[in-house]
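Q: below are the sequence and a predicted model; questions follow.
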Amino acid sequence: MKQPKQRSDCPISSALDLFGDKWSLLVMRDLLFRNKLHYREFLTSEEGISTNILADRLAKLEQAGLIGKTGDDPRSGKQVYFATAKGQDLIPLMLQMMLWSAEHNPQTATPDALITELKTDLAKAAQAIRQKGGIQAFLASL
């Protein structure tokens, strides 16, 4: 896959070049926060991503160095996707987006305990979410 041409040297534009479509951050959300590891697990997300879009986004995220994949998983015979260190660095940004969304759209489903933890110490919560492998494991540890 060819590296897309950068539109400008603006850092926001650069970030949007990597994950500015409507699916890439949702794939990263599922990987980072919901512990989804296999292709078929990403397809079960409530937003209903199609198989061709998912395959394209996984390839783009891998090319950008945000995710990687292992060979076949001996238990299932399927590839396992994982967030690279570069991909994991998105956790604080995505948590900030969750806080913003929860504040400005009361219809979002952000657990109150998570909001409290993020407002108390976002960096500490981000590190714990990273270490525990997702938001549910983090919340269960509180």
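A: Nice, I can see it.
Q: once you drop chain neighbours, what's closest to the residue nearest the centre of the chain?
A: Central residue of the chain (Cα atoms, centre = their mean): residue 28, 2.0 Å from the mean position. Excluding its sequence neighbours, the residue lying closest to residue 28 (Cβ to Cβ, 6 or more residues apart in numbering) is residue 90, at 5.8 Å. (Each C-beta comes from the backbone N, C-alpha and C, glycine too.)
Q: what helices and strands are in contact with the lengthiest helix in the chain?
A: Ranked by residue count under DSSP state H, the longest helix found in the chain is helix 112-132. For helix 112-132, the elements it packs on are helix 91-104, helix 135-140, judged by 3 or more Cβ pairs under 8 Å, 6 or more residues apart in numbering; DSSP states H and E.
Q: could you export these to a markdown table, including columns for mean neighbour count, distance to residue 21 and mean pLDDT?
A: Formatted as a markdown table, those follow (neighbours: other Cβ atoms under 10 Å; distance: least, Cβ to Cβ, whole Å; pLDDT from 0 to 100):
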| stretch | mean neighbour count | distance to residue 21 | mean pLDDT |
| --- | --- | --- | --- |
| helix 91-104 | 15 | 15 | 94 |
| helix 135-140 | 16 | 23 | 91 |
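Q: domain assignment for this protein?
A: 11-84, 90-140 (automatic domain parsing).
Q: with distance to residue 5 as added columns, please give these in a markdown table.
A: A markdown table is the format used below for those (distance: least, Cβ to Cβ, whole Å):
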| stretch | distance to residue 5 |
| --- | --- |
| domain 11-84 | 9 |
| domain 90-140 | 23 |
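Q: for residue 141, give its distance to residue 132.
A: 6 Å (Cβ to Cβ, to the nearest Å).
Q: repeat for residue 51
A: 30 Å.
Q: residue 88 too?
A: Distance from residue 88 to residue 132, by Cβ to Cβ: 12 Å.
Q: check the secondary structure at residue 36 for me.
A: When classified by DSSP: H, G, I helix; E, B strand; the rest coil, residue 36 comes out as coil.
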